[in-house]
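> Structure, please.
(3 chains)
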Amino acid sequence: MRLALERRAERSIAIALLSPVIAIALTLVTGAILFALLGKPPLEALRIYFFDPLTDPWALQEIAVKATPLVLIAIGLSMCYLANAWNIGAEGQFLIGAITGGWLAVVTHGTGAGYWVLPAMMLLGALGGALYALIPAFFKVRFGASEILSSLMLVYVAELLLDYLVRGPWRDPKGFNFPTTAEFDDVATMPVLIEGSRLHLGAIIALLVVAAAAIVLGRTLKGFEIRLVGAAPRAARFAGFDDKALTLFTFAVSGALAGLAGIIEVSATVHHLQPGISPGYGFTAIIVAFLGRLNPVGILIAAMFLALTFIGGESAQISLKVPLDLTKVFQGMLLFYVLACDTLILYRIRVMQTQKAVHGAR
Amino acid sequence: MELVEAILLTVITASTPLLLAASGELVVERAGVLNLGIEGMMIIGAACGFAAAFTTGSVFIGALCGIAAGAALAGVFAALTLGLAANQVASGLALTILGVGLSGLIGTSYIGQKIVGAAHLHIPYLSDLPFVGKMVFGQDAFVYVSVALIAAIWYFLYRTRPGLVLRSVGDNHASAHALGYPVLKIRTLAVLFGGACAGLGGAYLPLAYTPFWVSGMTAGRGWIALALVVFASWMPWRLLIGAYLFGGITILQLHAQATGLGIPSQLMSSLPYLATVIVLVVISWMRGKAGSPAPASLGLAFVPDR
Amino acid sequence: MDDAVAVAPGPGRPVQPEGQVPLLEAVGIVKRYGDFTANDNINLQIWPTEVHALLGENGAGKSTLVKMIYGLLQPTAGEFKWQGEPIVLTGPASARARGIGMVFQHFSLFEQLTVAENVALGLDTAPLAGIDERVAEVSRAYGLPLDPKREVWRLSVGERQRIEIVRCLLQNPKLLILDEPTSVLTPQEVEQLFRTLRVLRTEGRAILYISHKLDEVRALCDTATILRGGKVVGTCDPRAESSQSIARMMVGTDIGEVRSDGSKKLGAPRLVVRDLSLMPDDPHGIRLEGISFEVPAGEVLGLAGVAGNGQDELFAALSGEVRSDRADMITIDGRAAGRLTITDRRRIGVAFVPEERLGHATAPRFKLSDNTLISGHVAGSMVRGGFIDRGQMVAFVDHITKSYDVRKGKPDPEAASLSGGNLQKYVVGREILREPKLLIISQPTWGVDAGAAAAIRQAIIDLASRGAAVLVMSQDLDELYEICDRLVVICAGRLSAPRVTRHADRGEIGMLMAGVGIKGKEDAHAARA
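A predicted model of the protein is given here:
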């Protein structure tokens, strides 16, 4: 007896909705086993990790704060992946957005510039991210170079560029030699939504982007084009859509959104440029995109769940003395389980009899 | 002269982990599977290798554990992409994220610890020969293994029937299936082998290159190894050239930083990554004219009909 | 029902010694798929050292018969005898074990492996060492020049075919089957192949040669068995027959109902193709050479031809999926359109129905409503200012469903879940309901049940009678005779002069399909004059 895959006549909508839920459940079960192996009480650890933050107002706010960049990046990535273009360098585009947007904050620092600074920073951040993403996209459509590898390599380059800037030309002279720019002025800082909290305007922007993406993907010809090029390339050519132009387009959009996420993050929560401004948002967003089934609303929910793993990981680090890397383990497992469950949307698993069937029809 | 010798020696050691990981991936891709999770398998190999070597005091056992850890993670990838026909790109990313996380978990209690690194060969007289002595007869065992591995892979792929069948599976899985070859079984074995090689390549870092554990110490080498396979056009001996070329760039930029030429160190550090992108573009561009040497079924899921 | 003359095995048969048995004999072979009979009581004898041709149109049942001989299919009734003994062939391996080898029309080669490696993979157990020498030896002995060390992707189609032949010969077959071997070869390569085949015959091997090219069959073969509609309609010595008489047997003389009475009032030309020449991107593709024709308003022009003679390439050139070198090679309603995109061509009133329903005409995993956008996004009310109107799309699906009687399980299923006939009605409906001025349609009723086929053909005729021009590409000659006003024939990327369907002799059309009578440019130029 063995297991084999069998194609379904039509995709299973029930499984499509259930798959992320099953994946999360499996992750929790595996997590419990992992905690037990680490010598921690499994149920209590899961509670601290995944449920306590939900009962704490501060933690809830933090979830929204951390979900904001994840949503923005994942929305862009989902468009790429739908169109079968593999941008995995969003982390780099995020950093470049922070740099190009942050540049304006650095040069206007202390000049008493007006309120135009923040919107202009957003624009520059999005532009920087888009241009940076267009590099691998151009190499892909012009030379056929793998966009997977080149977009990823540019992450390291962006990290080093940021490192160079904050240690070199942009370093705060009054910063005791720390690798950081000066604190952004108020006009370069994202306003908070509630006085005294960290919840900022970026969360609203992220919600608007979700709504816009839902409309684009579900209600516009561009959204149809994105889905068709990814799902049936020959039919897309028959429909008159240009797959190369679309690769450039989706990379530009996802780069712009990652760049926007980058500049929002520094202007809203960090308030200056320094190395390590991202705890890997660009990579976590890939998981968000898949967990959210490449659907804008799904991504919104998935981003909050992944943000929860960040917050839970931090509190577990303090109260359970488990390493912060546990968060990555959870995230990696989650992506595995989502991908595994996704198979069930298109296939069903059949138990095959090993004994040779009698198909000797003569 | 001594400086040149020292540089060449370090080039070889810097290239070895790339070579080990890339040669495994070459076999995987030749079988038609794209495993983007090398970085994850390398770092888990590094963490497990260091932990085992620290506990037992044996670099050899450390290396074995690194191999086992890499292969185990590859097994998860095989189950997902071959058993469940999941998307290979996304699964490879998941593997990297998981591997990096697990390595941090395993390595956390070893931060700051040191071991005695892998011993270097010493043959009287030969190893003392000027210039070539140390380079040819004075390396650690991993270096010899990595070169032997390339030779073995070349022999396997081009001189044995199983190697031929493996290449046929990567080239056209439908035809290979029709001729009666077990596509999924062959691919599973290839993926496990690739994981073992990546695990060994990762283990080299804390066992020989820098004999202590640093979180995230593979630093993108897994991704460079992937690019090397493209650079080598899926041919084993070219991999050797590519790996030493990239090792050379890594070492040269280190030396250039040390001399303080006034070039920002970050620019020098980014050279291996930029070089990778440039190499990818040039190779793809040249290939565009001459037809692709990539295995034709690379990255495509295969579900046998029945 | 067949008035074709079955020529008895007569003089000219080279070897049929007294008291000997045929190498292979088919006795009353029947193959049915449901109600459809692909092979109907086939009797056939192949003698040692004989080159035996199997002739017939597409769909005549040649491939089915050959696949049974090679063990890929099992007959529903009847039996095969090998050297007089009844045999059951359970698969290619058992056929190979008897000494039957086959060279396929579409090669099953590994592109990146070398010639020798490809040969080795096909042999069940062969040591790798020495395979180079064996390949070199065989290729020398039979005049099949091949470098064992070269990778397949570097090779021409002819060289690829030689690999398959060498692979067969290394198994030392007594009977070698070749399926349309010359359809992909240059004239020089054909010469080379024929020399090889003659050498094989002198060694005592028999060859079963499947073809539709009459001149080749007459040059090479000792015996020809002609199939039509799954039945043997004649056996003859092709050297003793004329091309005309063989063509008549292939195509038959029973003419179906011709709808066109030839008295239609035709308008100005809507589609004018002039000297269209195009190199294929794909090395397996067919080169179009100097194609010229026109389709006036109100006419249905039929394009006949055996599959793989340039129909796909011509469709891509007309649709704009492949752009022509010069704009004036294709003129649509007086406008030079050769460089226009498919979207722009739709915009000026052209509609296209490609041969492949799933994956080309539709996205398999998209709903029918989404699939309306594939051509519907260009004009009409489904897209306004970049936004799509789902209500309109669903309404259009309903409209198609009603007008073309599309049967489906639920209101808006995925395209892949429809049966072939219903999906074809959906696609044809989707394009014709847009009221195009010019319709290019390929294989309109391929794999469609009789009722649906009749509806689709009627829709095409009605569209033309409303003043549209229609080009129908089909391998079904009966269909073309039924609905077309004029016929052209494509062979090896060249087009014949047009014939008025009412006066077109089926034997002559059959010869054109086999490449007899298409001289290329001169003929096509004459067509315009």
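> Can you name the residues that contact residue 234?
Looking at chain A here, since you left the chain open. Counting by C-beta atoms under 8 Å, 6 or more residues apart in numbering or on different chains, residue A:234 makes contact with C:356, C:359, C:360. The C-beta positions use only the backbone N, C-alpha and C, and glycine is treated the same way.
> wait, I meant chain B there
Neighbours of residue B:234 in contact, by C-beta under 8 Å, 6+ apart: B:26, B:29, B:30, B:293, B:294, B:295.
> Which of the residues you listed fall in strands?
Within the contacts of residue B:234, no residue falls in strands by DSSP state E.
> Mind putting those into JSON lines with distance to residue B:204?
Converted to JSON lines, these look like this (distance: C-beta to C-beta, whole Å):
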{"residue": "B:26", "distance to residue B:204": "17"}
{"residue": "B:29", "distance to residue B:204": "21"}
{"residue": "B:30", "distance to residue B:204": "23"}
{"residue": "B:293", "distance to residue B:204": "28"}
{"residue": "B:294", "distance to residue B:204": "27"}
{"residue": "B:295", "distance to residue B:204": "27"}
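> from the contacts of residue A:234, which is closest to residue B:216?
Set against residue B:216, the nearest of the contacts of residue A:234 by C-beta to C-beta is residue C:359 (43.8 Å).
> Not counting sequence-adjacent ones, nearest residue to the residue of the stretch 151-300 of chain C found nearest chain B?
Proximity of the stretch 151-300 of chain C to chain B (C-beta to the nearest C-beta) peaks at residue C:153, 5.6 Å away. Closest residue to residue C:153 apart from its sequence neighbours, by C-beta to C-beta, 6 or more residues apart in numbering or on different chains: residue C:111 at 4.3 Å.
> so which strand or helix has the one you found?
For residue C:111, there is no enclosing helix or strand under DSSP states H and E.
> repeat for the one 5 residues further on
Following DSSP H and E, the helix or strand that holds residue C:116 is helix C:115-122.
> For stretch C:483-495, measure first residue to last.
20 Å (C-alpha to C-alpha, to the nearest Å).
> Okay, the residue nearest to residue C:153 and residue C:163: tell me how far apart.
According to C-beta to C-beta, to the nearest Å, residue C:111 and residue C:163 sit 11 Å apart.
> so what sits against both of the two?
With C-beta under 8 Å, 6+ apart as the test, residue C:111 and residue C:163 both reach residue C:152.
> Just the ones of the contacts of residue B:234 in helices?
Within the contacts of residue B:234, residues falling in helices by DSSP state H are B:26, B:29, B:30.
> For burial, what's the neighbour tally of the last one?
When you say that, I think you mean residue B:30. 28 (other C-beta atoms under 10 Å in any protein chain shown).
> Please apply the same query to the first one.
Taking other C-beta under 10 Å as the criterion, the count of residues near residue B:26 is 26.
> residues contacting it?
Applying C-beta under 8 Å, 6+ apart, the residues near residue B:26 are B:153, B:229, B:232, B:234, B:236, B:239.
> Let's see the PyMOL selection covering just the buried ones among those.
Only the buried entries of the contacts of residue B:26 go into this PyMOL selection, using 16 or more other C-beta atoms under 10 Å in any protein chain shown:
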select buried, chain B and resi 153+229+232+234+236+239
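> Which single one of the contacts of residue B:26 is nearest to chain A?
residue B:229 (9.9 Å).
> thought the closest one was touching residue B:239?
Yes: with contact defined as C-beta atoms under 8 Å, residue B:229 counts as touching residue B:239 (7.1 Å).
> tell me the pLDDT at the residue nearest to residue B:239 when sequence neighbours are not counted?
With sequence-adjacent residues excluded and distances taken as C-beta to C-beta, 6+ apart, residue B:239 is closest to residue B:232, at 4.1 Å. Note for residue B:232: predicted pLDDT of 88.
> Now residue B:232: phi and psi?
With angles defined as degrees, to the nearest 10, residue B:232 sits at phi -80, psi 0.
> how near is it to residue B:241?
8 Å.
> rewinding a little: neighbour count for residue C:111 and residue C:163, which is higher?
Legend: neighbour count by other C-beta under 10 Å for residue C:111 and residue C:163, higher for residue C:163 (26 against 18).
> who's residue C:42 bridged to?
For residue C:42, the beta-bridge partners are residue C:29 (DSSP bridges).
> hmm, back to that, next, the contact list for the residue nearest to residue B:239, please.
B:22, B:26, B:238, B:239, B:241, B:242.
> Go again with 7 Å.
Residue B:232 makes contact with B:26, B:238, B:239, B:242 under the criterion C-beta atoms under 7 Å, 6 or more residues apart in numbering or on different chains.
> ok, those residues vs residue C:249, which is closest?
residue B:26 (57.4 Å).
> how close does whatever residue of chain B ends up closest to chain C sit to residue C:285?
Residue nearest to chain C within chain B: residue B:171 (4.3 Å; C-beta to the nearest C-beta). According to C-beta to C-beta, residue B:171 stands 21 Å off from residue C:285.
> between these two, which one's more packed in?
Higher neighbour count among residue B:171 and residue C:285: residue B:171, with 28 against 17, using other C-beta under 10 Å.
> Hmm, residue B:295 and that one touching each other?
Yes: using C-beta atoms under 7 Å, residue B:171 makes contact with residue B:295 at a distance of 5.8 Å.
> then stretch B:118-136 to PDB, C-alphas only?
Only the C-alpha atoms of stretch B:118-136 are listed here, as PDB (Å, rounded to 0.1, in the frame of the first residue of the first chain):
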ATOM      1  CA  ALA B 118      40.500  20.400  11.300                       C
ATOM      2  CA  ALA B 119      44.100  19.300  11.100                       C
ATOM      3  CA  HIS B 120      46.100  20.100   8.000                       C
ATOM      4  CA  LEU B 121      47.900  17.400   6.100                       C
ATOM      5  CA  HIS B 122      51.600  17.200   6.700                       C
ATOM      6  CA  ILE B 123      53.800  15.000   4.500                       C
ATOM      7  CA  PRO B 124      57.400  15.300   5.300                       C
ATOM      8  CA  TYR B 125      59.400  17.100   2.500                       C
ATOM      9  CA  LEU B 126      56.400  17.400   0.200                       C
ATOM     10  CA  SER B 127      54.500  19.700   2.400                       C
ATOM     11  CA  ASP B 128      57.700  21.700   3.000                       C
ATOM     12  CA  LEU B 129      58.300  22.300  -0.700                       C
ATOM     13  CA  PRO B 130      58.300  26.000  -1.500                       C
ATOM     14  CA  PHE B 131      55.100  27.500  -2.700                       C
ATOM     15  CA  VAL B 132      53.200  24.400  -3.900                       C
ATOM     16  CA  GLY B 133      54.000  22.400  -0.700                       C
ATOM     17  CA  LYS B 134      51.400  23.800   1.500                       C
ATOM     18  CA  MET B 135      48.900  24.400  -1.200                       C
ATOM     19  CA  VAL B 136      48.900  20.900  -2.600                       C
END
